[in-house]
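Novice: next input, structure requested:
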Amino acid sequence: MEKLRVARSNRPRPHLDDKIITAWNGLAISSLARAHIALERPSAAGAPTGSSPGQFTRYLDAARAAATFIKENLHDPAEGILFRTFRGTRGATRGFAEDYAFLISGLIDLYEASFEIGWLQWAESLQRTQDRLFWDNDRGGYFSATSADPRLILRTKEDYDGAEPTASSVAATNLLRLASALNQDDHRNRALRVLEAFRTRWTAHPQTLPQLLTAVELALASPRHVVVAGTPGSPDFQALAGVLPGPLGPTMSVLAADGAEGQRWLSERAPWMSDMHPRNGRATAYVCENFACREPVSTPHELAALIAG
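Specialist: Numbers count the residues shown, from 1 in each chain. Alright, predicted model coming up:
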């Protein structure tokens, strides 16, 4: 092995592929946000016993840093568009549908990990841009590229969830999650059109579109929400939030009624959130299904019982 290493050292080294890709960072942001929810929150299964809010935030900090980098370097706020790559400087290639879909998914996860409303606001803005640039208004679903490039002979739509899921599959889930969180029927209707666009494919060969089947399951589920009212950084809020990751998954929206900008913005879209407040000076959880809410609770044990029931 040493002889091979010495011989190899005399040859030119291969090029290092160190470019930053928006879509792949979106996938990483999702993974990091979910890792924080599962492992770092107090009361989460992997959180060290006796941990406190802010004590273990390695994954959350990394997710924030990646999202911030993309926003500062690969997002054009004037046009609202994304760019595809960065290596020392921003590349000239504009984002593809997967860049939008994967990043939006990551931002929704990042909101549920941090309860920082800016990530959800950006996710919804990017979704509107993705709809404008890539939507197939005739047949439904998302083209991979925009119509702006005159060199394109044909705009294609991916229909196979392989090592990376398709943009349409991820976008369908994103739309349903945004529709539930923001009370937006247009998002839900568009998601249903995505499912119909690929119905022949996923009914005949369901194994080819596993991510899209996740969206099908989500579309068939009743709207379910957990709203935690209180200050997101406080121990009592985090104790309630720590109950949530295990049994929920994407079938339930997790929102914060923070009594500040976040709750005001959400209430403009989902007015029923405006009356959700902490009770008796403690963070309070509201568990709702089909927009009918159970009696609010203020302890992790009570919240766990409500979710399990």
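
Novice: low-confidence ranges, the chain, go.
Specialist: For the chain, residues meeting the criterion pLDDT under 70 lie at 43-55, 245-250, 309.

Novice: how is it carved up into domains?
Specialist: Residue ranges for the domains of the chain, per automatic domain parsing: 19-220, 223-309.

Novice: which residues of the stretch 1-150 of the chain fall in helices?
Specialist: For the stretch 1-150 of the chain, the helices defined by DSSP state H, counting those that start in this stretch occupy 2-9, 22-35, 58-73, 97-114, 117-134.

Novice: give me every residue that touches Gly141.
Specialist: Gly141 makes contact with 135, 157, 168, 193-194, 197-198, according to CB atoms under 8 Å, 6 or more residues apart in numbering. Glycine gets a C-beta too; all of them are placed from N, C-alpha and C.

Novice: that one and Arg188, how far apart?
Specialist: According to CB to CB, to the nearest Å, Gly141 stands 16 Å off from Arg188.

Novice: cool, and Glu98?
Specialist: Using CB to CB, Glu98 is found at 22 Å from Arg188.

Novice: show me which of those two is the more surrounded one.
Specialist: Glu98 (27 against 17; other CB atoms under 10 Å).

Novice: next, count neighbours for the closest residue to Gly259 other than its chain neighbours.
Specialist: Closest residue to Gly259 apart from its sequence neighbours, by CB to CB, 6 or more residues apart in numbering: His277 at 6.8 Å. His277 has 13 neighbours, counted by other CB under 10 Å.

Novice: over to Met276?
Specialist: 25.

Novice: residues in contact with the residue nearest to it when sequence neighbours are not counted?
Specialist: Spatial nearest neighbour of Met276, chain neighbours left out: Ala257 (4.2 Å); criterion: CB to CB, 6+ apart. Ala257 makes contacts with 227-230, 263, 266, 273, 276-277, 286, as judged by CB under 8 Å, 6+ apart.

Novice: need the contact list for Arg279.
Specialist: 229, 296, 298.

Novice: list phi and psi for Asn10.
Specialist: Asn10 adopts backbone torsions of phi -90, psi 0, taken as degrees, to the nearest 10.

Novice: any idea how far it is from Gly281?
Specialist: 71 Å.
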